[in-house]
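**Q** here is the input, now give the coordinates:
(one chain, ligands or ions: 1)
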Amino acid sequence: MRTTTAIRRTLLLTSASLALGLAAPMVSAQEQDHGDDATASYQPSMTTLGELNLEIPGRKEGDPVMTQEEYDIGNKIYFERCAGCHGVLRKGATGKPLTTDLTRENGFEYLRDFITYGSPAGMPNWGTSGDLSEEQIDLMARYILLEPASPPEFGMAEMRDSWQLVIPPEDRPTEKMNDIDIDNLFSVTLRDAGQIALIDGASYEIKAVIDTGYAVHISRISASGRYLFVIGRDARVNMIDLWMEEPATVAEIKVGSEARSVETSKFEGFEDKYAIAGSYWPPQYVIMDGNTLEPLKIKSTRGMIYDDQEYHPEPRVASILGSHYKPEFIVNVKETGKILMVDYSDIKNLKVTEIEAERFLHDGGLDSTKRYFLVAANARGKVAVVDTKDSKLTALIETGGETPHPGRGANIMHPTHGPVWVTSHLGDETVALIGTDPEGHPDQAWTVVQTLYSMGGGSLFVKSHPTSNHLYVDAPLNPDADITGTIAVFKIDELTQEEPEYTVLPIVEWAGITEGQPRVVQGEFNQEGNEIWFSVWNAKDLTSAIVVIDDKTLELKHVIKDERLVTPTGKFNVYNTRADVY
Ligand code: DHE
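**A** Residues are numbered from 1 along each chain as shown. Down below sits the predicted model:
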C-alpha cells in the first residue's frame with residue numbers, strides 16, 4: 001500500500017479498451033475528436049446481433065457486388081465494432097449517420113482509405129493498426145455502400161416462445177431450504193463464461209455456479225431478497241430462486257437480441273410482483289410477472305429526441321431502477337435523452353411520465369435518502385437528477401470531467417458539504433462530488449462541491465458504504481497496467497484538505513497473479529459494510545480472483561481463487577443491491 005499525492009494527468013484509452021475486447025467505433029471525418037478517448041472506446045459492442053443471419057436488403061442500381069457470405073462478415077464486423085456509435089440502422093447515435101445517401105456521395109475509394117488510415121478527427125486507423133486486413137476493409141467499404149440490414153423485431157410472440165417456466169411457483173419451496181445467509185450472498189458476473197457465481201459473504205465459499213446469458217452483464221434482486229435476476233448481453237434473463245436447497249434457475253426468457261438492464265418492483269405492496277428488462281435491440285422494455293417472468297407488457301422506446309424533437313429509430317434502454325417512493329420504474333433511454341417514470345400500479349392502463357433530461361443517458365443510482373435518482377448523460381458530461389417523489393427533473397449538472405461513469409455512484413457524508421453523491425470519469429482522473437441535500441445544505445445541493453484527482457482516466461466505478469470512512473475509485477480502462485491493477489482510496493474525513501491524497505491498494509499484487517494484464521474492477525461491500533470486494537479480471541484462459549479488503553485497516557483480508565472464477569467483473573451483494581446501499 002502506498003500513499004500518493006494526486007497527479008493530474010489525462011490518459012488515452014483506446015489501446016486499453018481494445019485489449020478488453022470493447023469495440024472501438026468508426027467515426028466520420030466530420031465527427032468531433034473522440035476516436036482515441038474513452039467516450040469513443042467504451043461504446044457498446046452489439047456482438048449478438050453480429051451472429052444473426054440477415055439477408056442483403058433489396059438491391060439498388062449501382063450497388064457493389066457482395067455475396068451473402070461477405071455480407072454476413074460485414075454485419076458481424078459492423079455490429080461488433082461500429083454499431084455502438086453509428087447505430088444498428090446506421091442512422092447515427094453518438095457517432096454520425098452512415099446511411100447510403102452519405103456513403104455513396106463519398107464513394108468506395110474514399111471509404112476504403114478512410115477506414116484504412118483513419119482521420120485526425122477521431123476515426124481509428126483500422127488498416128494501418130492491423131485491426132482489419134486489406135480484404136476486410138475492402139469488404140467494409142462495399143458493405144456500407146449497401147442499404148443497412150435491419151435485425152428482426154422481438155415482440156410478444158418471440159418472447160413467449162423463448163419463455164421457460166422451469167419450476168412453477170406452486171412447485172417451489174415454501175420456506176428457505178438451505179443454510180445460506182442470503183442477505184450476505186454475492187452474485188458475481190463470470191462474463192466470458194456466461195455464468196454467475198454465488199459466493200457466501202462470510203466463508204467466501206462458492207455456493208453455486210449457474211449458467212446464464214451470453215457475456216452476462218448485471219444482477220438485480222427482488223425486494224424480498226428471494227429471487228435473483230440476471231441479464232446477458234443476448235437479452236436472456238434468468239430468474240434464480242435463492243430459497244432452493246441449491247439455488248437454481250426457475251424461469252428464463254429472451255427479451256430481445258441485445259440488452260443490458262434488468263430490475264424489480266421495490267415499492268411497498270409491490271414487492272416481488274414485477275420484473276422489467278430493457279434492451280438495446282429492439283429498442284424497448286418489457287414488464288414481466290415477478291414470480292414467473294411471464295411477459296406482460298412491451299413498450300417501444302422509438303420516438304422523438306427530447307431537444308430537437310426529431311425521430312430516432314433505435315433509442316436504447318440503458319439503466320433501469322425501481323423507485324422506493326412510488327410504484328414506478330425509472331427507465332433511462334439513451335439516444336432520446338428521456339427518463340421514463342413507468343407507473344406499474346395498473347399496467348393495463350399504463351401511465352408513463354416522460355422527463356426531458358439529456359442525450360446519452362447511461363448508468364446511475366439513488367442518493368442516500370433514495371428520493372433522488374442521479375444518472376450520467378455520459379457523452380454530454382452531465383448528470384441528470386430526478387426527484388422520484390414528484391417524478392420531475394430536479395437538475396442537470398455539468399460534472400466538469402470527461403464522460404462521467406458512476407455505476408450506481410457512491411453516497412458519502414462530506415465533512416463540510418453534508419451528503420454528497422460521487423461519480424468518477426472515463427475520460428480523465430477527476431472524481432466529482434455532488435451535493436444531494438436541498439434541505440440541510442441548500443447552497444450545495446445539485447452542484448459539484450468538490451473535485452478529487454484520482455490515479456488517471458479509465459475509471460468505471462466508485463464505491464463507499466454508510467459505515468465506511470473510505471471512497472474507493474477504480475481505473476480498469478486505464479492503459480497503464482500499474483494503474484489498472486490498483487485501487488485509489490480517499491479518506492472521507494480528510495476531504496477538508498485542499499487537495500486530498502489517496503492511498504493506492506496493489507490489488508493484483510495481493511492476488512498473486514503475475515500472468516496477463518488483469519484489471520481491477522467494481523468494488524462491492526458486504527452487508528455489514530466492513531469488507532469491500534474487488535474483481536481481478538484477467539483473460540478467459542488465465543487466472544482471475546476476487547480480493548477482499550478490510551475496510552477499516554485497508555489491509556488484505558482474503559483472496560478468492562478458484563478455477564470456476566472465469567473473468568469475474570460485477571459483484572452484487574444481495575442486501576446492498578435490494579436496499580440500494582452504495
Ligand atoms: Fe456495463 C452496468 C451498459 C461494458 C460492467 N452497463 C451497466 C448499465 C448499462 C451498461 C446500461 C446500467 C444497468 C442498470 O443499472 O440497470 N456496459 C454497458 C455498455 O453498453 C458497455 C459500455 C459496452 C457493451 O457492449 O456492453 C458496457 N460493463 C461493460 C464492461 O465491459 C464491464 C466493465 C464488464 C462486464 O462485465 O461486461 C461492465 N456494467 C458493468 C457492471 C455494471 C454495469 C459491473 C453494474 C454496476 C453496478 O454497480 O450496478
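
**Q** report the rounded mean pLDDT for stretch 558-565.
**A** Confidence for stretch 558-565, expressed as mean pLDDT, is 98.

**Q** next one: stretch 455-474
**A** The model assigns stretch 455-474 a mean pLDDT of 97.

**Q** only C-alpha atoms, please: export it in CSV.
**A** The C-alpha trace of stretch 455-474 is given here as CSV (Å, rounded to 0.1, in the frame of the first residue of the first chain):
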residue,chain,number,x,y,z
MET,A,455,-5.0,7.9,-10.4
GLY,A,456,-5.9,8.5,-14.0
GLY,A,457,-8.6,8.1,-16.6
GLY,A,458,-10.4,4.9,-17.4
SER,A,459,-12.4,4.8,-14.2
LEU,A,460,-15.7,2.9,-14.3
PHE,A,461,-16.9,2.6,-10.7
VAL,A,462,-16.7,4.3,-7.3
LYS,A,463,-17.9,2.8,-4.0
SER,A,464,-18.5,3.6,-0.4
HIS,A,465,-20.8,2.4,2.4
PRO,A,466,-22.7,4.3,5.1
THR,A,467,-20.4,2.9,7.8
SER,A,468,-17.2,3.5,5.9
ASN,A,469,-14.7,6.3,6.1
HIS,A,470,-13.4,5.5,2.6
LEU,A,471,-14.2,6.3,-1.0
TYR,A,472,-12.8,3.7,-3.5
VAL,A,473,-12.1,4.6,-7.1
ASP,A,474,-11.1,2.0,-9.8
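
**Q** pull out the buried positions in it.
**A** For stretch 455-474, a neighbour-count test (16 or more other CB atoms under 10 Å) marks 455-465, 468-474 as buried. C-beta: built from backbone N, CA, C; applies to glycine.

**Q** okay, now the unreliable bits of this structure?
**A** Low-confidence segments of the chain, defined by pLDDT under 70: 1-41, 62, 120-122.

**Q** how about the helices in it?
**A** Listed in chain order, the helices of the chain (DSSP state H) span 14-19, 38-41, 47-50, 68-77, 83-86, 100-117, 134-143, 156-162, 481-484, 507-511, 574-578.

**Q** out of the ones you listed, the one nearest the ligand is which?
**A** The ligand sits nearest to helix 83-86 of all these, at 6.4 Å, using CB to the nearest ligand atom.

**Q** near the ligand, which residues of this protein?
**A** When proximity is defined as CB under 6 Å from any ligand atom, the chain approaches the ligand at 22, 42, 44-45, 189, 191, 217-218, 233, 260-261, 318-320, 362-363, 407-408, 460, 521-522, 569-570.

**Q** cutoff 5 Å now
**A** Applying the criterion CB under 5 Å from any ligand atom, the portion of the chain that neighbours the ligand consists of 42, 44-45, 189, 191, 218, 260-261, 318-320, 363, 407-408, 522, 569-570.

**Q** buried among those residues? Make that a PyMOL selection.
**A** The following PyMOL selection, which keeps only the buried ones among the residues of the chain next to the ligand, applies the criterion 16+ other CB under 10 Å:
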select buried, resi 42+44+45+189+191+218+260+261+318+319+320+363+407+408+522+569+570
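
**Q** among the residues of the chain next to the ligand, which are located in strands?
**A** 189, 218, 260-261, 318-320, 363, 407-408, 522, 569-570 (DSSP state E).

**Q** let's have the residues you listed in TSV, adding distance to residue 286.
**A** TSV is the format used below for those (distance: CB to CB, whole Å):
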residue	distance to residue 286
189	22
218	16
260	14
261	11
318	15
319	16
320	11
363	20
407	24
408	22
522	27
569	25
570	22
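
**Q** just give me the closest of the residues you listed to residue 552.
**A** residue 522 (20.9 Å; CB to CB).

**Q** could you list every residue that touches that closest one?
**A** Residue 522 is in contact with 407, 460-461, 463, 474, 534-535, 569-571, counting by CB atoms under 8 Å, 6 or more residues apart in numbering.

**Q** out of the ones in strands among the residues of the chain next to the ligand, who's nearest residue 504?
**A** Distance to residue 504 across these (CB to CB) is lowest for residue 522, with 17.4 Å.

**Q** let me see the contact set for residue 329.
**A** Applying CB under 8 Å, 6+ apart to residue 329 gives the contacts 263, 265, 276, 285, 287, 320-323, 340-342, 344.

**Q** nope, residue 521 is what I was after
**A** The contact partners of residue 521, by CB under 8 Å, 6+ apart, come to 460-461, 474, 476, 534-535, 537, 569-570.

**Q** excluding its backbone neighbours, what's nearest it?
**A** The shortest distance from residue 521 to any residue that is not its chain neighbour, by CB to CB, 6 or more residues apart in numbering, is 4.2 Å, and that residue is residue 476.

**Q** residue 230 contacts residue 212, correct?
**A** Yes - the pair formed by residue 230 and residue 212 meets the contact definition of CB atoms under 8 Å, at 4.7 Å.

**Q** need the residues touching each of these two.
**A** Common neighbours of residue 230 and residue 212 are listed as 196, 238 (criterion: CB under 8 Å, 6+ apart).

**Q** and stretch 201-214, what's buried?
**A** 201, 204, 206-214.

**Q** then stretch 175-191?
**A** Under 16+ other CB under 10 Å, the buried positions of stretch 175-191 are 180, 182-191.

**Q** out of those, who's nearest residue 563?
**A** Proximity of the buried residues of stretch 175-191 to residue 563 (CB to CB) peaks at residue 190, which lies at 11.3 Å.

**Q** from residue 511, how far out is the closest residue to that closest one other than its chain neighbours?
**A** Distances taken as CB to CB, 6+ apart place residue 566 nearest to residue 190, at 5.0 Å, with adjacent residues excluded. Note on residue 566: its distance to residue 511, by CB to CB, to the nearest Å, is 15 Å.

**Q** more neighbours, the two?
**A** Set residue 566 next to residue 511 and count neighbours by other CB atoms under 10 Å: residue 511 wins out with 24 against 21.

**Q** so the more buried one sits right up against residue 547, yeah?
**A** Yes - at 5.2 Å, residue 511 counts as touching residue 547 under the criterion of CB under 8 Å.

**Q** quick one on the thing from earlier: which residues are in contact with the residue nearest to residue 190?
**A** Here residue 566 is in contact with 190-193, 195, 540, 544 (criterion: CB under 8 Å, 6+ apart).
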